[in-house]
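Chemist: okay, predicted coordinates and the sequence, questions at the end:
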Amino acid sequence: MVISKSFIYQSNIIKFFFVFLILMISILFLIQIRNGVIHEIENKKISVKNIEVILKLDDESYIDDIEKSKYVKSIEKYSNNDEYIVIIDNYDNVDMFLDKNKQYYSDVMLFDNDKENKIVKEVKILDSLEVGLTYLIVIFVVASIILSIIIIVEVNLENVNVISFYKLVGYKNLSIIKFLFNTLLFIYIFLLGISILVNNIITFILINLFNNSFFEYLDFSIYLYMFLFVLLFLVLTLTFSYFKIFRVTPIQFKNKNFL
């Protein structure tokens with residue numbers, strides 16, 4: 001247990017692990033909110049039918065072409081300025097219709113006073129929120145990766161004396177890296193387990209506090225992906241650490257009383 005004792009009780013490394021725990025809890029919570037937003041978007045999209053879109057046509061002769069277009073249920077005159085109301089069968093088809101018929105119109109708008117348009121606006125806001133949450137999750141994941149690299153670098157730097165001692169008493173490089181891998185894997189799994197527990201407790205409180213289906217427990221697959229990610233990351237980073245350990249020699253051992 002020499003290696004594990006040597007870095008577990010290093011205050012700076014303990015701080016790094018604590019920050020990593022906070023990042024994991026934050027990532028799980030952000031994923032949970034994002035999933036809730038996605039479900040809300042899908043529910044609102046299902047409820048939106050027959051979207052009214054106002055198009056300013058470049059030429060009135062395009063009416064027949066638009067009326068024959070896929071997704072169009074009907075078209076009628078809206079004003080004297082070549083503006084027409086086009087009824088699209090479903091919200092999901094609005095963008096596809098506009099893209100396929102962009103050569104026919106110069107401007108597009110929706111009815112501001114329409115109930116369905118209100119839902120459309122809400123969906124657009126939720127879409128923006130979902131994109132923002134996705135970027136935020138990516139930022140937190142990148143921060144976790146950088147922090148994990150710092151942790152492993154710190155572990156290597158702080159344990160040069162310990163590694164040299166192991167080599168002095170006959171341990172090989174592979175044996176040391178295996179021990180270091182097992183120790184770090186146990187710590188990361190422990191921290192991941194705590195973050196999952198905290199996330200579920202927060203979820204339980206929010207569900208009972210707000211009585212809202214927006215907050216749901218994360219699927220087990222999310223936890224599995226996070227575990228596999230941690231496992232893969234440790235394998236890759238400790239592979240590079242092997243070369244650092246390889247360069248440590250027994251003559252670097254200085255403190256005979258470090259145990």
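Modeler: Done, it's in. Residues are numbered from 1 along each chain as shown.
Chemist: local confidence estimate at Ile245?
Modeler: Ile245 is assigned 72 on the pLDDT scale.
Chemist: now the helix or strand encompassing it, how far from the chain's geometric center?
Modeler: Using DSSP states H and E, Ile245 sits within helix 220-247. Using Cα atoms, centre = their mean, to the nearest Å, the mean C-alpha position of helix 220-247 is found 19 Å from that of the whole chain.
Chemist: just checking, Thr134 touches Ile33?
Modeler: No. Counting by Cβ atoms under 8 Å, Thr134 sits too far from Ile33 to count as a contact (10.9 Å). Where you see a C-beta, it was placed from the backbone N, CA and C, and this is true even at glycine.
Chemist: so where's the stretch 151-259 of the chain uncertain?
Modeler: 154-161, 211-214, 242-243, 248-259 (pLDDT under 70).
Chemist: 50 - rerun?
Modeler: The model of the stretch 151-259 of the chain has pLDDT under 50 over residues 256-259.
Chemist: would you list every one of the helices in it?
Modeler: Listed in chain order, the helices of the stretch 151-259 of the chain (DSSP state H, counting those that start in this stretch) span 160-168, 173-210, 220-247.
Chemist: for Met96, which of the ones you listed is the nearest?
Modeler: Ranking the helices of the stretch 151-259 of the chain by proximity to Met96 (Cβ to Cβ) places helix 220-247 first, at 30.5 Å.
Chemist: for the closest one, packing partners?
Modeler: Other elements packing on helix 220-247 under the criterion 3 or more Cβ pairs under 8 Å, 6 or more residues apart in numbering; DSSP states H and E are helix 11-47, helix 115-158, helix 173-210.
Chemist: tilt between the longest one and helix 160-168?
Modeler: So the one you mean is helix 115-158. On the basis of axes from the mean of the first three to the mean of the last three Cα atoms, to 10 degrees, helix 115-158 is oriented at 60 degrees to helix 160-168.
Chemist: quick check, central residue of this protein?
Modeler: The chain has Ile137 as the residue nearest its centroid, 3.6 Å off, counting by Cα atoms, centre = their mean.
Chemist: is that one in contact with Leu28, as I believe?
Modeler: No. Counting by Cβ under 8 Å, Ile137 sits too far from Leu28 to count as a contact (9.8 Å).
Chemist: and the nearest residue to Ile222 once chain neighbours are set aside, how many neighbours does it have?
Modeler: Spatial nearest neighbour of Ile222, chain neighbours left out: Ile31 (6.2 Å); criterion: Cβ to Cβ, 6 or more residues apart in numbering. Residues near Ile31, counting by other Cβ atoms under 10 Å, number 20.
Chemist: pLDDT below threshold where in the stretch 1-150 of the chain?
Modeler: 1-3, 112-113.
Chemist: how about a cut-off of 80?
Modeler: 1-16, 43-52, 59-62, 70, 79-82, 89-92, 108-121, 148-150 (pLDDT under 80).
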